[in-house]
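Peer 1: Provided below are the primary sequence and the corresponding predicted coordinates.
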Amino acid sequence: MSTPPSPPIDYDALALDIKRWGRELGFADVGISGTDLGSDEAYLERWLADGHHGEMDYMARHGTRRSRPAELEPGTLRIVSVRMDYIPPGTRDAWDVINDGDAAYVARYALGRDYHKVMRNRLQKLAGRIAEVVGDFGYRAYVDSAPVLEKALARNAGLGWIGKHTVVINKRAGSYFFLGELYTDLPLPVDTPATAHCGSCRRCIDICPTQAIVAPYRLDARRCISYLTIELRGSIPEEFRAPMGNRIFGCDDCQLICPWNKFAQDASEPDFAPRHSLDGPRLVDLFAWSEEEFMKRTEGMAIRRTGYEGWLRNLAVGLGNAPTSEVVMAALHARADYPSEIVREHVAWALGQHATRG
């Protein structure tokens, strides 16, 4: 007896199921888009030509695979985009930390467990749920780990628009969320792209400490504190050190000032809760960590990306901007002869800052 043919897949119903399963897995929102990113490809090419990517050579190295999903993952027809809120309840107020010269500011997304692992595991589970219904299908899960224009895809999937600070904003949830994608060969119905709602507001542009937002929707990474404290491996240009203040890993000013973040939602994921009181620690305490302590305390966290040398470099800048005190001076002098030339350079700069204050 022959096996009866499988019933055709109802892709409209499947799309609704995917969104429901995604929410059940802890994603705040799920949307679906196609693969056309032509206008975004042109924008990316201009951005790269202007050198605004700095030392992030990988942004150019992958060519059109970033803007043409089917080149990155052959057979891709649709992208399922997801977002996940990351501000845990009870976190110390960000402005309070930034305005506390003795404290160290860590971007709110990096306070807890590395989001890459959390979201990728859930995307894999989502793919598993889909496979239970349709059988084997082609897919690939991405979370900021491959050449993907995730913000453009999220916009096209209706998850939010790209603001003037180049961060995705959702009308109901602000911008404090992570993005992830499931590239798939399933011909799912697509969602309506989000429309922009920044209007004439330019608060993010005006507040940027280093004026990295050089025009609406245009970010020069070479001036961005997130780039300087995480991606840059060498010396931080002196013109940006004082404006950095106490921001030692990333920067949130453009999001903190955004009116839409009055709608920001607390994270539901316990793993995003701050570890080691990193939502407002003292600069001198972090500067005292040995490399072994740094590696142990940042295990499983995005903050490890900067490396120990970069960690000390960033903290030296923060200490140079801190109020002068015996504790701060003692901490800097203790690292004045550190083996790393980059660390010594930034410590010397910090000591010079205090010397000029008399």
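Peer 2: It's in. Numbers count the residues shown, from 1 in each chain.
Peer 1: for the rest of this, base every contact and every neighbour count on C-alpha atoms.
Peer 2: Fine.
Peer 1: the closest residue to residue 21 other than its chain neighbours: neighbouring residues, count only.
Peer 2: Among residues not flanking residue 21 along the chain, residue 126 sits closest, at 6.7 Å (C-alpha to C-alpha, 6 or more residues apart in numbering). Applying other C-alpha atoms under 10 Å, we find 20 residues neighbouring residue 126.
Peer 1: what residues are up against residue 126?
Peer 2: For residue 126, the contact set (C-alpha atoms under 8 Å, 6 or more residues apart in numbering) comprises 18, 21, 22, 25.
Peer 1: mean confidence score for stretch 85-98?
Peer 2: Averaged across stretch 85-98, the pLDDT comes to 95.
Peer 1: can you give me the first-to-last residue distance of it?
Peer 2: One end of stretch 85-98 to the other measures 22 Å (C-alpha to C-alpha, to the nearest Å).
Peer 1: pull out the buried positions in that stretch.
Peer 2: 85, 86, 87, 88, 91, 94, 97, 98 (16 or more other C-alpha atoms under 10 Å).
Peer 1: which one is the first one nearest to, not counting chain neighbours?
Peer 2: Read that as residue 85. Among residues not flanking residue 85 along the chain, residue 177 sits closest, at 4.1 Å (C-alpha to C-alpha, 6+ apart).
Peer 1: same deal with the second one?
Peer 2: Nearest-residue entry for residue 86: residue 267, 4.7 Å, with adjacent residues in sequence omitted and distances by C-alpha to C-alpha, 6+ apart.
Peer 1: do the fifth one as well
Peer 2: Of all residues not flanking residue 91 in the chain, residue 279 sits nearest, at 6.3 Å (C-alpha to C-alpha, 6+ apart).
Peer 1: got the contact list for that neighbour?
Peer 2: 91, 92, 94, 97, 105, 106, 108, 111.
Peer 1: what's the helix or strand of the chain with the lowest mean pLDDT in contact with?
Peer 2: One helix or strand of the chain scores below all others by mean pLDDT, DSSP states H and E: helix 58-61, with a mean of 84. Helix 58-61 is touched from outside by 48, 53, 147, with contacts defined as C-alpha under 8 Å, 6+ apart.
Peer 1: next one: whichever helix or strand comes after that helix to chain centre, how far?
Peer 2: The first helix or strand that comes after helix 58-61 along the chain, using DSSP states H and E, is helix 69-72. With C-alpha atoms, centre = their mean, to the nearest Å as the basis, helix 69-72 stands 23 Å off its chain's centre.
Peer 1: show residues contacting the very next helix or strand once past helix 69-72.
Peer 2: Under the assignment DSSP H and E, the closest C-terminal helix or strand after helix 69-72 is strand 78-85. For strand 78-85, the external contacting residues (C-alpha under 8 Å, 6+ apart) are 22, 26-35, 153-154, 157, 159, 176-188, 190, 265-268.
Peer 1: among those, which ones are in strands?
Peer 2: Members of those lying in strands (criterion: DSSP state E): 29-33, 177-184.
Peer 1: what is the nearest of the residues you listed to residue 258?
Peer 2: residue 177 (14.0 Å; C-alpha to C-alpha).
Peer 1: is it true that that closest one touches residue 86?
Peer 2: Yes: in this structure, residue 177 is within contact of residue 86 by C-alpha atoms under 8 Å, at 5.4 Å.
Peer 1: how far away is residue 94 from residue 130?
Peer 2: Counting by C-alpha to C-alpha, the gap from residue 94 to residue 130 is 39 Å.
Peer 1: still on that earlier bit, drop anything exposed from the contacts of residue 126.
Peer 2: Applying 16+ other C-alpha under 10 Å to the contacts of residue 126 flags 18, 21, 22 as buried.
Peer 1: of those, which is the nearest to residue 217?
Peer 2: Taking those together and measuring to residue 217 by C-alpha to C-alpha, the closest member is residue 22, at 29.7 Å.
Peer 1: mind listing what that closest one touches?
Peer 2: If a contact means C-alpha under 8 Å, 6+ apart, then residue 22 has 29, 30, 82, 126 as its contacts.
Peer 1: the residue found closest to the third one once you drop the neighbours it is linked to in the chain: neighbour count?
Peer 2: Nearest in space to residue 82, with sequence neighbours left out and distances taken as C-alpha to C-alpha, 6+ apart, is residue 30 at 4.5 Å. Neighbourhood size, residue 30 [other C-alpha under 10 Å]: 26.
Peer 1: same question, residue 129
Peer 2: 16.
Peer 1: that one should be in a strand, yeah?
Peer 2: No: counting by DSSP: H, G, I helix; E, B strand; the rest coil, residue 129 is located in no strand; its state is helix.
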